[in-house]
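J.: any chance you could fold what I've pasted below:
(2 chains)
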Amino acid sequence: MSGGPPKALQSTGPHSLRDLPHPLAGSSSEEAVGGDSTPSPDLLMARSFGDKDLILPNGGTPAGTSSPASSSSLLNRLQLDDDIDGETRDLFVTVDDPKKHVCTMETYITYRITTKSTRVEFDLPEYSVRRRYQDFDWLRNKLEESQPTHLIPPLPEKFVVKGVVDRFSEEFVETRRKALDKFLKRITDHPVLSFNEHFNVFLTAKDLNAYKKQGMALLTRVGESVKHVTGGYKLRSRPLEFAAIGEYLDTFALKLGTIDRIAQRIIKEEIEYLVELREYGPVYSTWSALEGELAEPLEGVSACIGNCSTALEELTDDMTEDFLPVLREYILYSDSMKVPADVEKCQDRMECFNADLKADMERWQNNKRQDFRQLLMGMADKNIQYYEKCLMAWESIIPLLQEKQEAK
Amino acid sequence: MEQASPDLERILQPAPVEPLGHHDAGLETAVGEEAEGVRDDERPGDGTMTENNFWLKKIEISVSEAEKRTGRNAMNMQETYTAYLIETRSVEHIDGQSVLTDSLWRRYSEFELLRNYLLVYYPHIVVPPLPEKRAEFVWHKLSADNMDPDFVERRRIGLENFLLRVASHPILCRDKIFYLFLTQEGNWKETVNETGFQLKADSRLKALNATFRVKNPDKRFTELKHYSDELQSVISHLLRVRARVADRLYGVYKVHGNYGRVFSEWSAIEKEMGDGLQSAGHHMDVYASSIDDILEDEEHYADQLKEYLFYAEALRAVCRKHELMQYDLEMAAQDLASKKQQCEELATGTVRTFSLKGMTTKLFGQETPEQREARIKVLEEQISEGEQQLKSKNLEGREFVKNAWADIERFKEQKNHDLKEALISYAVMQISMCKKGIQVWTNAKECFSKM
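T.: Numbering: from 1, shown residues only, chains lettered A, B, ... in the order given. All right, here's what the predicted structure looks like:
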């Protein structure tokens, strides 16, 4: 819905680590799945592509911001932290600052990955590296290979049809950035995956490609056979216990699909409503030109309707950009857990696999609950804000309409 | 519900002794006299009367019920129509109690008859319009059926509004036929028709002709005509777009109802999330169903606009009457001038203008002096008559302009007041809608927070 040609990205130099804030203090718009609901100037940074001053942090809102959206999403994140069963967080990862790189062979986008940790596995307390999608894809494969008994979070769609979607449009890049951020955060939250050595390298290595080549030859064949054996031990081939989960996931995905369709339909209806409003408001202006005493009141009503139209446009934009992508990503996520395979079962491994998968499912359920709480609360918030804007517009016009009455 | 005037009580003075035939002679002047007598003193809402009035009576008028009836029409075919109950109450001065004095049933066609009568007998007045005959500017939910209860209800209110407007008009309220409309159920139609008002009505063709050929209409009327054309156009446009806006808004709200169902289904497979989802779904249902009342209220706003859409037509009718009178005057003056010229030619013997007599004279020989004398005499009589007529037409014309313009000023004030009120009530409706929206989504958000 953002009109106009997609904005191109600019390249800038490396950033100083000191400029980067502590994630908890800042990244409200990053972690709040409900998304950037308030267009206050402080929160614009999520969409900034290098034009902005480096001092403006990527998640930039200090906790004391008065805007209701950010304080509520702050609250949500604090709840998130409380839910992690007394674990104290000692690893924070953020994805931001997309940059376009133009080389002779290809053009691609990199994202800055910022890591802060007190864990001994990390030599330094802070890291900042640049990674491209390929690198994420590599990481995921490595995790699947090396942690076959665990559920690995999904990545956003790998392939985009060129010509249909602009890989470099602001919208697309932002959507992808959020998804990649989510991906890394899910790994970060996982008590086992977060300690994976590949993950560590991904977060810290200056030259990831060298490491990739190094590891490739050795692990390839082993990896494949392990995958071959264990790939089937995802949910599908599990007996009764997991059959229930499979059923659940089926219905869950169905319901999400329905919600997606409803949300799309609502946006469509809202856009059509907006089109009519945009014609409706100006007619009052035309009328106002004919009148004497009524000219101001009519003009006022026209302006009021114009303001409501703008508020509605903001609502539909927000829903399209923040709500729908997150919903769809969850559909993908639950789909990705249903990997069908027929493989020979290896009896002695079964116990181990069961426990891991079960633990992961529980974690997944928990995260799902929080994610949806945030998503739906965000949706409610956006609608509340829309109505508040309209309310303000109409309330402000009442004195104007009543004015001359008393003067008479 | 918008009323014509803030208070329901009106002062109604039935024209006491005048026979209906009185209407035939010099309409405008007779009415003008009456109007002159009370104009300065009487305003809507004002209780005082001058010494010209015989009784001081406060009256309440209401169209309280609508009923479906079947009957036989003029062609003896069965038809269904709606009848409306009109109740008139007089309010006793002392204790403010109201007593039902008259109550009768009328159908829409009788209202039309009344209005057409008023149009003919008070051409200098901006006669209040009737509510629409058929539902127009509908959006998909409303049916365009005249028997639809919502339409009937809104029409009932519109008819009541019409009666109140007539009753609160300083001149129209005194009309006997109007009085009888409220009080004499049987035979009223015959009584109206006996006034012969249909014969007095100006033919459409005549009016159209005048509009095109009038040379010197009063500029104010020309401007007013343009204004009423543009007002009609802009309000029509506004009503059309508003109907589409209503349609779309309906769609937005109703689709949210689907959330109710899917949240309910989803909650069935969830453990901790279930309750929150379920109750949020309920709020989505509430949201979806709230639009019906909201749009019902907005229809009243649309009706207020429609009244002024139809008032534009009434304005135009007054302008047309002026053009007609002015044209009539111009024609009479032209006719007089030509007769004078003929007379002069006959007297002096010069023939400048073409005349049949001139032709026949050329063909058949000149007429005798006696014949010529006779013709001159006839012409002189005609000229004298013509001059009298021209004088009275002039007077009529000026009276008309004066009285019409006075009513137009009254109308302008009424329009500005009413439309401002309408805009305020529209803004209040929007505010209420926004507050409801905030309430529902806040409730839903709370449910989500408990997931």
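J.: quick one: pLDDT of residue B:48?
T.: At residue B:48, the model reports a pLDDT of 31.
J.: no no, residue A:109
T.: On the pLDDT scale, residue A:109 gets 91.
J.: is it in a helix, a strand, or coil?
T.: Using DSSP: H, G, I helix; E, B strand; the rest coil, the structure places residue A:109 in strand.
J.: wouldn't it be in contact with residue A:168 here?
T.: Yes: here residue A:109 lies in contact with residue A:168, judged by CB atoms under 8 Å, at a distance of 7.0 Å. C-beta: built from backbone N, CA, C; applies to glycine.
J.: give me the low-pLDDT residue ranges for the stretch 201-350 of chain A?
T.: Where the stretch 201-350 of chain A drops to pLDDT under 70, the residues are A:215-242, A:338-350.
J.: show me what residue of it gets nearest to chain B.
T.: residue A:273 (3.8 Å; CB to the nearest CB).
J.: that residue and residue B:248 touch, don't they?
T.: Yes: if you go by CB under 8 Å, residue A:273 and residue B:248 touch, sitting 3.8 Å apart.
J.: briefly note if whichever helix in chain A runs longest comes near chain B.
T.: In chain A, taking DSSP state H as the definition, the longest helix is helix A:347-407. Yes: counting by CB under 8 Å from any CB of the partner chain, contacts between helix A:347-407 and chain B involve A:369, A:372-373, A:376-377, A:380-381, A:383-384, A:386-388, A:390-391, A:394-395, A:397-398, A:401-402, A:404-405.
J.: what helices or strands is that helix leaning on?
T.: Helix A:347-407 is packed against helix A:68-83, helix A:170-189, helix A:240-288, helix A:295-318, helix A:324-336, helix B:369-449, with contacts defined by 3 or more CB pairs under 8 Å, 6 or more residues apart in numbering or on different chains; DSSP states H and E.
J.: nearest to residue A:101 among those helices would be which one?
T.: Among the helices and strands packed on helix A:347-407, the nearest to residue A:101 by CB to CB is helix A:170-189 (12.7 Å).
J.: got the CA coordinates for the closest one in CSV?
T.: This file holds the C-alpha atoms of helix A:170-189, laid out as CSV (Å, rounded to 0.1, in the frame of the first residue of the first chain):
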residue,chain,number,x,y,z
GLU,A,170,11.9,-1.2,1.1
GLU,A,171,8.8,-3.3,2.0
PHE,A,172,10.3,-6.6,1.0
VAL,A,173,13.6,-6.0,2.7
GLU,A,174,11.9,-4.9,5.9
THR,A,175,9.6,-7.9,5.9
ARG,A,176,12.6,-10.2,5.4
ARG,A,177,14.6,-8.5,8.0
LYS,A,178,11.9,-9.0,10.6
ALA,A,179,11.7,-12.6,9.7
LEU,A,180,15.4,-13.2,10.0
ASP,A,181,15.4,-11.4,13.3
LYS,A,182,12.7,-13.7,14.5
PHE,A,183,14.6,-16.7,13.3
LEU,A,184,17.8,-15.8,15.2
LYS,A,185,15.8,-14.9,18.3
ARG,A,186,14.1,-18.2,18.3
ILE,A,187,17.5,-20.0,18.2
THR,A,188,18.8,-17.6,20.9
ASP,A,189,15.9,-18.6,23.1
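J.: identify the residues contacting the residue of the stretch 101-250 of chain B at minimum distance from chain A.
T.: Residue nearest to chain A within the stretch 101-250 of chain B (CB to the nearest CB): residue B:248, separated by 3.8 Å. By CB atoms under 8 Å, 6 or more residues apart in numbering or on different chains, residue B:248 lies in contact with A:269, A:272, A:273, A:275, A:276.
J.: from those, which single one is nearest residue A:330?
T.: Of all the contacts of residue B:248, residue A:269 has the smallest distance to residue A:330: 23.4 Å, by CB to CB.
J.: surely the closest one touches residue B:258?
T.: No: counting by CB under 8 Å, residue A:269 stays clear of residue B:258, with 11.3 Å between them.
J.: how near is residue B:108 to residue B:81?
T.: When distance is defined by CB to CB, to the nearest Å, residue B:108 is 7 Å away from residue B:81.
J.: what bits of the stretch 351-451 of chain B have low per-residue confidence?
T.: Judged by pLDDT under 70, the stretches of the stretch 351-451 of chain B that qualify are B:351-367.
J.: now the strands for chain B?
T.: B:9-11, B:58-72, B:78-91, B:98-107 (DSSP state E).
J.: redo these as CSV? Include mean neighbour count and distance to residue B:265.
T.: CSV is the format used below for these (neighbours: other CB atoms under 10 Å in any protein chain shown; distance: least, CB to CB, whole Å):
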stretch, mean neighbour count, distance to residue B:265
strand B:9-11, 22, 58
strand B:58-72, 15, 44
strand B:78-91, 16, 45
strand B:98-107, 15, 52
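J.: so which of those is nearest chain A?
T.: Closest to chain A of these, according to CB to the nearest CB: strand B:9-11, at 22.0 Å.
J.: got JSON lines for the strands of chain B, with distance to residue B:337 too?
T.: Formatted as JSON lines, the strands of chain B follow (distance: least, CB to CB, whole Å):
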{"stretch": "strand B:9-11", "distance to residue B:337": "48"}
{"stretch": "strand B:58-72", "distance to residue B:337": "51"}
{"stretch": "strand B:78-91", "distance to residue B:337": "53"}
{"stretch": "strand B:98-107", "distance to residue B:337": "50"}
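J.: cool, thanks, signing off.
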